[in-house]
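Asker: Take this sequence and fold it.
(chains A and B)
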2 protein chains.
Amino acid sequence: MNDFVYNVPVKVYFGKDQLGNLGPELKKYGKRVLMTYGGGSIKKIGLYDRIVAEIAKAGLELFELSGIEPNPRVTSVNEGARICKDKKIDVLLAVGGGSTIDATKFIGAGACYDGDAWDFFSGKGQITDSLPIVTVLTLAATGSEMDAGGVISNMDTREKYAAGHPSLLPRVSFLDPTVTYSVSAYQTACGAADIISHILEVYFNMDPDLYMLDCVMEGLLKTVVKYAPVALREPDNYEARANLMWASSWAINGFIDGGKASQAWSCHPIEHELSAFYDMTHGLGLAILTPRWMEYTLDELTAPRFRQFACNVFGVDQNMEPMAAAKKGIETLAEFFFGALGLKRSLTEAGVDDTHFSLMAKKACGGGVLAGFKPLRQEDIEKIFRMCL
Amino acid sequence: MNDFVYNVPVKVYFGKDQLGNLGPELKKYGKRVLMTYGGGSIKKIGLYDRIVAEIAKAGLELFELSGIEPNPRVTSVNEGARICKDKKIDVLLAVGGGSTIDATKFIGAGACYDGDAWDFFSGKGQITDSLPIVTVLTLAATGSEMDAGGVISNMDTREKYAAGHPSLLPRVSFLDPTVTYSVSAYQTACGAADIISHILEVYFNMDPDLYMLDCVMEGLLKTVVKYAPVALREPDNYEARANLMWASSWAINGFIDGGKASQAWSCHPIEHELSAFYDMTHGLGLAILTPRWMEYTLDELTAPRFRQFACNVFGVDQNMEPMAAAKKGIETLAEFFFGALGLKRSLTEAGVDDTHFSLMAKKACGGGVLAGFKPLRQEDIEKIFRMCL
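Answerer: Model prediction:
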């Protein structure tokens, strides 16, 4: 078991009636607030007005950057960083899902950097600091509200890359499950697939585990499996939305990693190519890829872990032969994604053909090896893409 | 479900080779360090020398307060606070288990207070601030390394009370499982009982739950049930010691509370009377009390929760009739404490008779009602004490 450092000093206000704390929290970091958000959905649900009122009540000065894209673009990041510099912004307030929060993190870093924010991803520059970030989460999915990383796309170069830095960790995050009542069934399903994938990327790992964290991961997985279908049927079920929201944060805030953070993830880098080339919703790409990736990596060596997953998450019979139990677990997960969550089950259904598979596979492994649960080279990744057709 | 705030900004260095970070971390808070510890066990295992060397390497000035008691006394706290004031201490380093860390918390608070530290418990004074606290944990039990509270005894008045304040939260805690290899079987067993009790005090709660946190609590319980007996058989089993150590922190750092923190605990306040009157080891008192408290609180209303505990932690058959399953779970827990962990099963065995039951029961509920899972008055608590004879 590897040593590790646990350090997640994000203060989380969880629940229905917490926004009254927003003004005082922002005020701790200064007077000039840049609020970032995506389309107009936060206006439709009244969240925008509530936040503007809280900021006014606290006597803070509000600036805005709207229109942050799903799969957020580096162009938005650069625009935000420019506003921060021009307007001498003290603190950033991201109101949205993972895309808005991720973009805001790099806006914060860009505000403390002299150059193009794409430098953080191309390797030309490094994040050294960020403006303080506060978030109001509107989608249970990426966990960006409680971690120190993010993902940005460059549509010019068809690239989607991740970066992180301790300064990008939000200081405070507001998680109000009722804000997600209006999230569409499709986005709810994609969010659930994203949460599950975050857990599985850690769960399927060759490093020795803390049994305790296995139990926690299985508990988080069971939570999503239980409550995502409820949220689809009853969008305003508080219990369902609350469980999904809190699970999304804990799936990726570092707690479940223990000492396993050194091993690369598998499905995320592969999926990022789908988002970069086709602007596909991240969670949909993960849902299509994950069961096929599991089938591809299942062998005598990995079967016991797949069996554990099958038994402890989906209640597959403990007495079943390991390989059969492993397969049953993978099938059950696929049925969860494509049946219970109603997501498209193939790249073909999602409108993707094999045109770019070779290049995408090469990029996903950086031309070398993706050193995850089972090491994957370009040809392996290409095969997995083909299995998804 | 109640709203809640999650805020646990403790940085944890977990693992075998982390002490090299101790000097740099202490240095962030100043130059003059007061190291607090209990008996000589940290010298026997070489931990004292390693810490002194790290402090010297960082160029810090070291002061010491040793002899902090199990069930730490307010006299030690006052002595520590006096040293802090006299020597202008910048940062406290607690090296030990919950007793040492708890005492150190109130030393830190006492150093910022003009008066006797007992005032914090008698209601005469309030904690407003503390010196920064760093801990090196040597016992998996109380979780004090990752929470903002503690417990102190006054042997003059036979009182044992808890207090807390955000400033008491350790800034940094070092959790090295190998340091606990030398913990005796008895202390290991008592620590395990304490961890289990911390979880059960939250688990058995009438507030509605987050299912996700139920899963986490059941996972933590299974972890202790699995690994405490391993640690007894093989004191230097890293996996066992690591799981117990990390579980101890997460049992009480606030994560599992969700919105349920408003409800009082039951077994802890009752046990505190045993420690206050008989200086009993906290974990032993909890182990004796818990199964009897469960039997006393089991009724038609509480049975479903006991059944869930029985099935999800001890694998009791899901098809069993709820009341029977609940009883089976309670029996299995008792057998775990008194069989697998080898703890004394009654107050009589522990040398306690009914002399003070009436007064202890009155003090445990403050002369009113202990508003826990099932409200308990003086006469209820006295009955529970008698069931433990």
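Asker: looking at chain A, which helix or strand is least sure?
Answerer: Least confident helix or strand of chain A, by mean pLDDT, DSSP states H and E, is strand A:159-164 with a mean of 87.
Asker: CA atoms only for it - export them in CSV, please.
Answerer: Listed in CSV are the C-alpha atoms of strand A:159-164, where the atom choice follows Å, rounded to 0.1, in the frame of the first residue of the first chain:
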residue,chain,number,x,y,z
GLU,A,159,-7.7,18.6,-28.2
LYS,A,160,-9.2,18.1,-24.7
TYR,A,161,-6.8,18.0,-21.8
ALA,A,162,-6.8,17.9,-18.0
ALA,A,163,-4.7,20.0,-15.7
GLY,A,164,-4.7,20.6,-12.0
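Asker: So for it, what gets flagged as buried?
Answerer: Within strand A:159-164, the residues that qualify as buried are A:159, A:160, A:161, A:163, A:164, counting by 16 or more other Cβ atoms under 10 Å in any protein chain shown. Backbone N, C-alpha and C define where each C-beta goes, glycine included.
Asker: Likewise for stretch A:13-23?
Answerer: Residues A:13, A:14, A:15, A:18, A:19, A:22, A:23 are the ones in stretch A:13-23 that count as buried (16+ other Cβ under 10 Å).
Asker: any chance of the residues you listed in TSV, plus pLDDT, distance to residue A:190 and secondary structure?
Answerer: Output for the buried residues of stretch A:13-23, formatted as TSV (pLDDT from 0 to 100; distance: Cβ to Cβ, whole Å; DSSP: H, G, I helix; E, B strand; the rest coil):
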residue	pLDDT	distance to residue A:190	secondary structure
A:13	98	25	strand
A:14	98	22	strand
A:15	97	24	coil
A:18	97	26	coil
A:19	97	26	helix
A:22	98	27	helix
A:23	98	32	helix
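Asker: Excluding chain neighbours, what is closest to the residue nearest to the spatial centre of chain A?
Answerer: Centrality entry for chain A: nearest residue to the mean C-alpha point is residue A:142, 2.1 Å, by Cα atoms, centre = their mean. Nearest residue to residue A:142 in three dimensions, chain neighbours excluded: residue A:98, at 2.7 Å (Cβ to Cβ, 6 or more residues apart in numbering or on different chains).
Asker: which residues does the one you found contact?
Answerer: The neighbourhood of residue A:98, defined by Cβ atoms under 8 Å, 6 or more residues apart in numbering or on different chains, consists of A:139, A:141, A:142, A:143, A:144, A:150, A:151, A:194, A:282.
Asker: one more time with 7 Å, if that's ok
Answerer: Residues near residue A:98 by Cβ atoms under 7 Å, 6 or more residues apart in numbering or on different chains: A:139, A:141, A:142, A:144.
Asker: go on, residue A:191?
Answerer: Each residue near residue A:191 by Cβ under 7 Å, 6+ apart is listed here: A:139, A:140, A:141, A:248, A:283.
Asker: neighbours around the last one, how many?
Answerer: By that I understand residue A:283. For residue A:283, the count of nearby residues is 28 (other Cβ atoms under 10 Å in any protein chain shown).
Asker: Show the pLDDT at it.
Answerer: Note on residue A:283: pLDDT of 96.
Asker: before we move on, which element is it in?
Answerer: helix A:282-297 (DSSP states H and E).
Asker: how far does that helix sit from the chain's center?
Answerer: 15 Å (Cα atoms, centre = their mean, to the nearest Å).
Asker: now swap in stretch A:26-46 and tell me
Answerer: The chain centre lies 20 Å from the centre of stretch A:26-46; the measure is Cα atoms, centre = their mean.
Asker: Straight-line length of that stretch, end to end?
Answerer: In stretch A:26-46, first residue to last residue: 20 Å (Cα to Cα, to the nearest Å).
Asker: residues making contact with it?
Answerer: Residues external to stretch A:26-46 that are found in contact with it (Cβ under 7 Å, 6+ apart): A:48, A:51, A:55, A:58, A:60-68, A:80, A:83-84, A:87-96, A:99-100, A:103-104, A:107, A:132, A:134, A:138, A:171, A:179, A:182.
Asker: Using the three-state scheme, assign residue A:221.
Answerer: Classification of residue A:221 using DSSP: H, G, I helix; E, B strand; the rest coil returns helix.
Asker: Then residue A:34?
Answerer: When states are read from three-state DSSP, the local structure at residue A:34 comes out as strand.
Asker: so what's it scoring on pLDDT?
Answerer: pLDDT at residue A:34 comes out at 98.
Asker: Number of residues surrounding it?
Answerer: For residue A:34, which is what you asked about, the neighbour count (other Cβ under 10 Å) is 24.
Asker: What distance do you get for it to residue A:104?
Answerer: For residue A:34, the distance to residue A:104 (Cβ to Cβ, to the nearest Å) stands at 8 Å.
Asker: which residues are common contacts for these two?
Answerer: Shared contacts of residue A:34 and residue A:104, defined by Cβ under 7 Å, 6+ apart, are found at residue A:92.
Asker: Which of the helices or strands spans the residue located most distally from the centre of chain A?
Answerer: Note on chain A: the largest separation between a C-alpha and the mean C-alpha position, by Cα atoms, centre = their mean, falls on residue A:319 (35.0 Å). With secondary structure defined by DSSP H and E, residue A:319 is part of neither a helix nor a strand.
Asker: Enumerate the residues of the stretch 201-350 of chain A near chain B.
Answerer: With Cβ under 7 Å from any Cβ of the partner chain as the criterion, the stretch 201-350 of chain A comes near chain B at residues A:210-212, A:215-216, A:219-220, A:222-223, A:226, A:238-239, A:242-243, A:246-247, A:259.
Asker: Please pick the buried ones from the residues you listed.
Answerer: Judged by neighbour count, with 16+ other Cβ under 10 Å as the criterion, the buried members of those are A:210-212, A:215-216, A:219-220, A:222-223, A:226, A:239, A:242-243, A:246-247, A:259.
Asker: what residue ranges in the stretch 1-150 of chain A score low on pLDDT?
Answerer: Counting by pLDDT under 70, the stretch 1-150 of chain A contains no low-confidence range.
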